[in-house]
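1. sequence and predicted structure, then a few things I'm wondering about:
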Amino acid sequence: MAQKKNENMEREDYFKDRAGTDNARFHAVPHDEEGWAVKKEGQDDPELTTGSKSEAVKEAKRLAEEAGTMAYIHDEDGKIDDQFNYSN
């Protein structure tokens with residue numbers, strides 16, 4: 001149990017270090033209110049909410065490509081299902 005807690009803390013620190021930087025990535029994730037959302041690491045509010053996973057994926061990929069970073073696509077359980085690297 002202590003190991004899982006430590007892993008969660010390390011993961012949170014990892015995302016905090018990238019938050020608000022050019023290295024922040026975009027995630028297409030399940031969203032309670034609309035169905036799916038695109039979130040940029042370090043931001044509470046989504047860039048987009050939609051009822052369509054395909055629309056969220058398309059927008060996450062577009063934003064990541066524009067920013068020269070990565071897009072992570074999550075499944076319905078929130079686990080990373082796919083990723084796209086647009087880093088320069």
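-> Alright, I've got the coordinates.
2. mind listing what residue 64 touches?
-> Each residue near residue 64 by CB atoms under 8 Å, 6 or more residues apart in numbering is listed here: 25, 26, 70, 71, 84, 86. In this view, the C-beta of every residue, glycine as well, is placed from N, C-alpha and C.
3. the helix or strand hosting it: which residues count as buried?
-> Using DSSP states H and E, the element containing residue 64 is helix 53-67. Within helix 53-67, the residues scored as buried using 16 or more other CB atoms under 10 Å are 53, 55, 56, 57, 58, 59, 60, 61, 63, 64, 67.
4. would you turn the contacts of residue 64 into CSV with secondary structure, distance to residue 45 and neighbour count?
-> Formatted as CSV, the contacts of residue 64 follow (DSSP: H, G, I helix; E, B strand; the rest coil; distance: CB to CB, whole Å; neighbours: other CB atoms under 10 Å):
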residue, secondary structure, distance to residue 45, neighbour count
25, coil, 16, 23
26, strand, 13, 28
70, strand, 20, 20
71, strand, 18, 24
84, strand, 23, 16
86, coil, 22, 17
